[in-house]
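Novice: Here is my input; please provide its structure:
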Amino acid sequence: MKYIIYCFLIPVIGFGQFTGVPTKPVVGIGKISGVVFDSLTNQPLEFANVVLREALEHKEMDGVFSDSKGTFRFKELKNAKYEIAISFIGYQSKIIGVYKINKDFTEHNLGKILLSPETKILDEVTVTGQKELVENKIDRIVYNAERDVTTRGGNAADVLRRTPLLTVDMDGNVSLQGSSNVTVFINGKPSSIMASSVKDALKMIPADVIQKVEVITQPGAKYDAEGTAGIINIVTKSKKYKELVVALMLVRVLGVIF
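Specialist: Modelled structure (predicted):
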């Protein structure tokens, strides 16, 4: 019996490392904020993509969209040097910084940041396809979570909160257009992970495992009519998801033994 318990303790320790959740996170006190405007019309730009990057290695740390007034804000920043990258469709991208956060400089208000409309005369045009963050298809809405840096470090519940038509309350309960009568699939199939408790399962799945979320409001004949409000299909990155499933199975088996 002791041999069996020791065998399962090793994978569980590995799973603790897999989640990467610190027991006592260090919260910074730094803040960086600003407002994005159109340089010609002097109007605020809503939904401009603003990315916070570590200045030395240009590593992306966080990302937000500007609000209806063009405002963006990053909070709880640790001591470091940062730069801000701002982009918007039809405008020239802009990188500004460096901004130091330390005990002497805890807050930077960047004020009005102007983006110029992008006008180019092209001799030859090459069209390269790239997935948008949100795609509207005939029978579904697709949220390409892997392209959204704002969900990094979170879990599946955080991803669903960013998905159009979906609502996730503070307890982790999911609803589609106001109805909680939904079915959650993983890679197009029912999953044992979701069988007992959807909200608990969403908390255990890291955001970086998820490739995209499909919200199917009118399920076809290939799906069982379990969710009258629709189906939520979470599409994962195969290798990372397999590692997660193995870890969760080990935890469940260990729980049964004890």
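Novice: where are the low-confidence patches of the chain?
Specialist: Scanning the chain for pLDDT under 70 picks out 1-27, 119-131, 195, 219-228, 239-258.
Novice: what domains does the record give for it?
Specialist: The record's domain split for the chain, according to automatic domain parsing, is 30-115, 134-257.
Novice: Show me the helices in the stretch 101-250 of the chain, by range?
Specialist: 156-161, 192-195, 198-204, 238-257 (DSSP state H, counting those that start in this stretch).
Novice: Make JSON lines from the domains of the chain and add mean neighbour count to it.
Specialist: Heads up, the C-betas are built off the backbone N, CA and C, glycines and all. JSON lines is the format used below for the domains of the chain (neighbours: other CB atoms under 10 Å):
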{"stretch": "domain 30-115", "mean neighbour count": "16"}
{"stretch": "domain 134-257", "mean neighbour count": "16"}
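Novice: beta partners of the residue lying closest to residue 186 once chain neighbours are set aside?
Specialist: In this structure, residue 186 finds its nearest non-sequential neighbour in residue 234, 5.1 Å apart by CB to CB, 6 or more residues apart in numbering. With DSSP bridges as the criterion, residue 234 is bridged to residue 186, residue 213.
Novice: Go ahead and confirm residue 234 touches residue 157.
Specialist: No - using CB atoms under 8 Å, residue 234 makes no contact with residue 157, being 11.2 Å away.
Novice: any idea how far residue 147 is from residue 31?
Specialist: As judged by CB to CB, to the nearest Å, residue 31 and residue 147 stand 26 Å apart.
Novice: from memory residue 183 sits against residue 234, does it?
Specialist: No - the criterion here is CB under 8 Å, and residue 183 misses it with residue 234 at 11.4 Å.
Novice: so who does the most centrally placed residue in the chain touch?
Specialist: Centroid check for the chain by CA atoms, centre = their mean gives residue 151 as the closest residue, at 2.2 Å. Residue 151 is in contact with 145, 158, 159, 162, 207, counting by CB atoms under 8 Å, 6 or more residues apart in numbering.
Novice: contacting residues around the fourth one?
Specialist: What that stands for is residue 162. Shown in contact with residue 162 (CB under 8 Å, 6+ apart): 143, 145, 148, 150, 151.
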